[in-house]
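Asks: what's the 3D shape of this:
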Amino acid sequence: MMCADQQFPVIVVGGGVAGITAALDLAGANCPVHLVEKDAVLGGQTARLDKLYPTDHCAFCPVWTQSRLCLTDPLIRVHTHSAIDNITRIKNPSQDPGQDQAQEQELIRVTISRTPNMIDETLCIFCGKCEEICPENAVLPTFTHALPRSFLVDTELCTRCGKCVELCPTNAVDMTRKVEKIEITAKNIIWATGFADTDISALPEFGYGSHPNIMTSLEFESLTAEAGPNRGEILTPEGKVPSHIAFVQCAGARDQRKFSFCSAVCCMHALKQARWVKRRNPGIEVVIFFTDMRTEGRNYYNYYLDAVEKQSISLVRSRPGLICPLPSKDGIAVRYENTLTGKLNTQRFDMVVLNGALDPCSQNKTGPNKTGPDKTGPDKAGQDKAGTDFQPLTDDNGFISGNGGSGDNGDQTLSCGFCRAPADVEMSVIQASCAAIHACMGKGTH
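Replies: Purely as a prediction, here's the structure:
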């Protein structure tokens, strides 16, 4: 596949697996790409996972490889610490004046804002001297498998004492770095902004924030990962071996108070984590409280059966009504009704993992807003739409749903991954390749 128009690049917003896949596919079609990522490194949420279902293979290995390809591909320019400030539709300056207006190709002018960290990752040799000398512990390394590997300065903790600047052997620390603005004329844009873990302390029955051992699934993943602080051992934040762990599904999902949608990935994610617990310590009792066990995908159901039948993971059909620390603080009480038997029960656990509250990152600075196109002029076929500010629409849950166009001329927003709809890694990659093909064909927002 080759892009029909290679003069102007495509903007890909989001550097997770979906954005990386779209960027590499576009570059493979000889199309220049600008990959915009708000964080310091590529890989998104997947780079922070330990294993991927249904194979339980390493998650960060393929992401690391793909990130490396992005950073070394001459057709891909990666913008980290960056966000989309503005998108404006413009006429193609190279358009044939005699071409029918109805068939004229529009372009977009994109303004990217980059807020660089105080440490230049291109100069950092990861010696760690800045971290050692910092009196406020404001300098921390990027996560273990990040690309590029560097140190980051927490600007809220940093007092600008300058000790790290004096000690750095490569002059990588610069406290005077300013916000940079980059303007790019592009032919298309693909949104791949992913999702974020969210605070569900507003839902009091889950007890989030009341005890350190009540945590989200992504927090549990970081705690128990082989590259994490416990090197794969199943320990509480206090360093103790738990005897009972509960996984609570739909915590904040399928709930009108938070997210009305099913997050799609959480059932399999809980099964994966529960299997990992049993693999590392078979003596730990594991219970998954679920609403509906949704294992849609090739070999997903067999993965579920293996967890239940071979690894003795208990499943209880219930949405617990109360999760709270015991008065002694040495455990957590979970009050629930088993909806299959109708019986009420209260059970003690050492750890509770909350699964489900995943927020599509389509309303942050690097994503769209809910306002849709800000029309500055007529928007009818054949009439001038130059100067129109464009942002794709999102639905009530924050998923990108389009830009309000009719679609008759391909005027639809290109998006992929969780910002489009709940999707796991496999589906996100498929959607990313589809979005890249549409961008190459000139379809979508242009």
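
Asks: Quick check: which ranges of the chain have low pLDDT?
Replies: 1-6, 93-105, 362-391, 402-412, 444-446 (pLDDT under 70).

Asks: Residue 108 and residue 360: what is the separation?
Replies: Note on residue 108: its distance to residue 360, by Cβ to Cβ, to the nearest Å, is 22 Å. Heads up, the C-betas are built off the backbone N, CA and C, glycines and all.

Asks: residues near the residue lying closest to residue 259 once chain neighbours are set aside, how many?
Replies: Excluding the flanking residues, the one nearest residue 259 by Cβ to Cβ, 6 or more residues apart in numbering is residue 253, at 5.0 Å. By other Cβ atoms under 10 Å, 21 other residues sit near residue 253.

Asks: Now do the contacts for residue 253.
Replies: Neighbouring residues of residue 253 by Cβ atoms under 8 Å, 6 or more residues apart in numbering: 259, 261-263, 266, 356-358.

Asks: The same query, at a cut-off of 6 Å, please.
Replies: 259, 263, 356 (Cβ atoms under 6 Å, 6 or more residues apart in numbering).

Asks: Equivalent analysis for residue 70, please.
Replies: 20, 23, 76.

Asks: host element of the second one?
Replies: Read it as residue 23. For residue 23, the host element (DSSP states H and E) is helix 17-28.

Asks: before we move on, back to that, closest one to residue 144 out of the contacts of residue 70, please.
Replies: For those, the residue nearest residue 144 by Cβ to Cβ is residue 20; the value is 18.5 Å.

Asks: looking at it, the closest one is touching residue 64, isn't it?
Replies: No - when contacts are counted by Cβ atoms under 6 Å, residue 20 is not listed as touching residue 64 (10.6 Å).

Asks: the more surrounded of those two?
Replies: Per other Cβ under 10 Å, whichever of residue 20 and residue 64 has more neighbours is residue 20, with 31 against 17.

Asks: which residues does that one contact?
Replies: Going by Cβ under 6 Å, 6+ apart, the list of residues near residue 20 reads 66, 70.

Asks: Distance-wise, check it relative to residue 172.
Replies: 25 Å.

Asks: Neighbours of residue 424, how many?
Replies: Neighbour count of residue 424, defined by other Cβ under 10 Å: 22.

Asks: nope, residue 348 is what I was after
Replies: When neighbours are counted by other Cβ under 10 Å, residue 348 comes out with 13.

Asks: So the nearest residue to it once chain neighbours are set aside versus residue 245, what's the distance?
Replies: Using Cβ to Cβ, 6+ apart and skipping the chain neighbours, the partner closest in space to residue 348 is residue 331 (4.7 Å). Distance, residue 331 to residue 245, using Cβ to Cβ: 12 Å.

Asks: Over to residue 122?
Replies: 43 Å.

Asks: ok, which stretches of the stretch 51-200 of the chain are helices?
Replies: For the stretch 51-200 of the chain, the helices defined by DSSP state H, counting those that start in this stretch cover 60-72, 129-133, 163-167.

Asks: So which of these is nearest residue 293?
Replies: Using Cβ to Cβ, these put helix 60-72 closest to residue 293, at 27.0 Å.

Asks: Show me what counts as buried in the closest one.
Replies: By neighbour count with 16 or more other Cβ atoms under 10 Å, helix 60-72 contains the buried residues 60, 62-64, 66-67, 70.

Asks: now the angle from it to helix 17-28?
Replies: Between helix 60-72 and helix 17-28, the angle comes out at 40 degrees (axes from the mean of the first three to the mean of the last three Cα atoms, to 10 degrees).

Asks: Give me the neighbour count for residue 359.
Replies: Neighbour number of residue 359 under other Cβ under 10 Å is 20.

Asks: Correction: the previous question concerned residue 321.
Replies: Considering only other Cβ under 10 Å, residue 321 is surrounded by 12 other residues.

Asks: Report the contact partners of the closest residue to residue 130 other than its chain neighbours.
Replies: Here the nearest residue to residue 130 in space, its sequence neighbours aside, is residue 164; by Cβ to Cβ, 6+ apart that works out to 3.9 Å. Contact partners of residue 164, counting by Cβ under 6 Å, 6+ apart, are 130, 133-134, 173.

Asks: try it again with 8 Å
Replies: When contacts are counted by Cβ under 8 Å, 6+ apart, residue 164 touches 129-130, 133-134, 139, 153, 173.
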